[in-house]
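Participant: Please work out how this folds:
(2 chains)
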Amino acid sequence: MQPAEIPYLPRGVRLHHDRVRDTWVLLAPERAVSLDPVGHAVLSEIDGVRSFGEITAALAARYDADPDRIAEDASGFLRALRDRRFLEVQP
Amino acid sequence: MTADPATIRPPIAMLAELTHRCPLSCPYCSNPLELARQDAELDTETWKDVFVQAADLGVLQLHLSGGEPASRRDLEPLVVAAREAGLYTNLITSGIGLTERRLRALDAAGLDHIQLSLQGTTAQMADMIGGYRGGFDRKMQVAEWIGAVGFPLTLNAVLHRQNLHQLPRAIEMAVEMGARRIEVATVQFHGWALRNRDAMMPTRAQAREADAIVAEARARLKGTLVIDYVPADYHSDYPKKCMGGWGSTGLVVDPAGRVMPCHAAASIPHLSFDNVRDTTLEQTWYRGSAFQAYRGTDWMQEPCSSCERKRVDFGGCRCQAMAIVGDPAATDPVCIKSPHRAALTAQADAHAAADAPLVHRTAPGKPVPEPAE
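Facilitator: I've put the predicted structure just below:
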């Protein structure tokens, strides 16, 4: 993920609170991906408006963490979702 | 011996077979040989209640299937109810019975995703397999409408000896339609397909070629098209992990309300199934005898019970063990450790070398279809 890229969840992919298992999941065609707190935090920031760079800066500030480290972790996570077509990037 | 309900995890997915009615008559239909009649089908209100129960039980994904689910006139209100219950709602359809107007109504109802079946990549092949003249052209029209509405789409290509050569084109078509995903499913030989093994069993060479085509396409189309692949299991070394393990992740409700661990489970004669008309889904999932029968590993015989893969594939498919070996607790005969594997290999090669006319699915009160020209 490049800092200027704007990620978004395409139609048919959405965050869902699983009340039975008390966890957050990403629902997509034929898949329900369990999210850890970090994954949920990253996906919650994705609004189709802000860039990847803005999102990681916001997360770094909120959790008082190293922005480069956050960007690296989030990038790997989002890359995997992109490969599965659970995440798109604004052209 | 049965699993302790306290150790059973909730289900993730439910397949709702809304009807067994279908305009097509595919010779590999996954519905049972004994089809539910229309007058036995659950009504709208009962299905709505089942969806709420499923969500309460932990189901996240609902697959509306059939038969052809568009044959139900109440499909739209059922989708509304499923979304209100909080379920991710997927429609599995041949496209026949859907109009642009109906698709717009399903969009308004909140339908999440559509899986469109593909019987072949040409009208000649698709209509011959589906037993429905004009079906392919109609399906292509429906695919355009699905794209125009903007539904996420998965193309479901079902492959066998007669159409495996069309696999590369099927993958191209998925890309052209804007599908994010294609399921490349080699026919599983249960039910109606079991009667068609001589006509449909792929050759070993075809199975290996399909493996190679899928591997190449996955690499080339990474990030564009996701390919889920069900290989020809008579030509595999280990059985498929059927349903992710019996009673572990999914359940099926048939048109008449029977609740089953898999859609073919009725082929196992000693099982009896609870019905949503008189038992809650929760009771059935945690305590129903059909779900307990092959849950976990306690039911296993050798070579499964001492096998290091017993929690990898859970002994394979119970219905296949029943159909081929006559014992639903036997190791799936596809497994190279099964004493029946050599016989199955010989059988598979004989079916693949045979030639026989397709036997299409029939339904009560429905004439046997003429093959398309």
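Participant: ok and the residue in chain A nearest chain B?
Facilitator: A:Gly12 (3.2 Å; C-beta to the nearest C-beta). For the C-beta atoms, the positions are set from N, CA and C on the backbone; glycine is no exception.
Participant: Which residues of the stretch 101-250 of chain B lie near chain A?
Facilitator: B:112-113, B:115, B:150-152, B:154, B:180-181, B:222-226, B:228 (C-beta under 8 Å from any C-beta of the partner chain).
Participant: What subset of those residues is buried?
Facilitator: B:Asp112, B:His113, B:Gln115, B:Phe151, B:Pro152, B:Thr154, B:Arg180, B:Arg181, B:Leu225, B:Val226 (16 or more other C-beta atoms under 10 Å in any protein chain shown).
Participant: Thought B:Tyr88 was touching the first one, still the case?
Facilitator: So that's B:Asp112. Yes. Counting by C-beta atoms under 8 Å, B:Asp112 touches B:Tyr88, with 5.2 Å between them.
Participant: anything in contact with each of those two?
Facilitator: Both B:Asp112 and B:Tyr88 are contacted by A:Leu27, under the criterion C-beta atoms under 8 Å, 6 or more residues apart in numbering or on different chains.
Participant: still on that earlier bit, which of the buried ones among the residues of the stretch 101-250 of chain B next to chain A sit farthest apart?
Facilitator: Of all pairs drawn from those, the widest gap by C-beta to C-beta lies between B:Asp112 and B:Leu225 and measures 19.0 Å.
Participant: Run a quick neighbour tally on A:Arg62.
Facilitator: 11 (other C-beta atoms under 10 Å in any protein chain shown).
Participant: In a helix, it, correct?
Facilitator: Yes. Judged by DSSP: H, G, I helix; E, B strand; the rest coil, A:Arg62 forms part of a helix.
Participant: Can you tell me which of the buried ones among the residues of the stretch 101-250 of chain B next to chain A is closest to chain A?
Facilitator: Taking C-beta to the nearest C-beta as the measure, chain A lies nearest B:Pro152 of these, at 3.2 Å.
Participant: What pLDDT is listed against the closest one?
Facilitator: B:Pro152 is assigned 97 on the pLDDT scale.
Participant: Find the residue at the geometric middle of chain A.
Facilitator: Nearest residue to the geometric centre of chain A (C-alpha atoms, centre = their mean): A:Leu43, 2.9 Å.
Participant: And the residue sitting furthest away from the middle of chain B, how close does it get to chain A?
Facilitator: Most distant from the centre of chain B: B:Ser306, at 30.2 Å, with distances by C-alpha atoms, centre = their mean. B:Ser306 sits at a distance of 32 Å from chain A (criterion: C-beta to the nearest C-beta, to the nearest Å).
Participant: can you tell me which helix in chain B is longest?
Facilitator: In chain B, assigned by DSSP state H, the helix with the most residues is helix B:204-220.
Participant: contacting residues for the closest residue to chain A within the stretch 1-150 of chain B?
Facilitator: Nearest to chain A, among the residues of the stretch 1-150 of chain B, is B:Gly58, at 3.8 Å (C-beta to the nearest C-beta). Applying C-beta under 8 Å, 6+ apart to B:Gly58 gives the contacts A:Asp18, A:Val20, A:Arg21, B:Arg9, B:Pro10, B:Pro11, B:Ile12.
Participant: Any idea how many residues pack against A:Val49?
Facilitator: Residues near A:Val49, counting by other C-beta under 10 Å, number 9.
Participant: so what's the residue nearest to it when sequence neighbours are not counted scoring on pLDDT?
Facilitator: The shortest distance from A:Val49 to any non-neighbouring residue, by C-beta to C-beta, 6 or more residues apart in numbering or on different chains, is to A:Ile6 (7.0 Å). On pLDDT, A:Ile6 comes in at 97.
Participant: Also A:Ala61?
Facilitator: pLDDT, A:Ala61: 93.
Participant: what about it, distance to A:Tyr8?
Facilitator: Using C-beta to C-beta, to the nearest Å, A:Ala61 is found at 22 Å from A:Tyr8.
Participant: These two: who's more crowded?
Facilitator: Between A:Ala61 and A:Tyr8, A:Tyr8 has the larger neighbour count (other C-beta under 10 Å), namely 15 against 11.
Participant: The more buried one touches A:Glu45, doesn't it?
Facilitator: No. Applying C-beta under 8 Å, one finds A:Tyr8 not in contact with A:Glu45, separated by 11.3 Å.
Participant: And the helices in chain A?
Facilitator: Counting by DSSP H, the helices of chain A are A:37-45, A:52-63, A:67-83.
Participant: Any buried residues in the shortest one, and which?
Facilitator: Just to be clear, that refers to helix A:37-45. A:Gly39, A:His40, A:Ala41, A:Val42, A:Leu43, A:Glu45.
Participant: Compute the first-to-last residue distance for stretch A:8-22.
Facilitator: Start-to-end span of stretch A:8-22 (C-alpha to C-alpha, to the nearest Å) is 25 Å.
Participant: For that stretch, which residues meet the burial criterion?
Facilitator: For stretch A:8-22, the neighbour count (16+ other C-beta under 10 Å) marks A:Leu9, A:Gly12, A:Val13, A:His16, A:Asp18 as buried.
Participant: now stretch B:177-190
Facilitator: Buried residues in stretch B:177-190 (16+ other C-beta under 10 Å): B:177, B:179-190.
Participant: what's the average pLDDT for that stretch?
Facilitator: Here the average pLDDT along stretch B:177-190 is 95.
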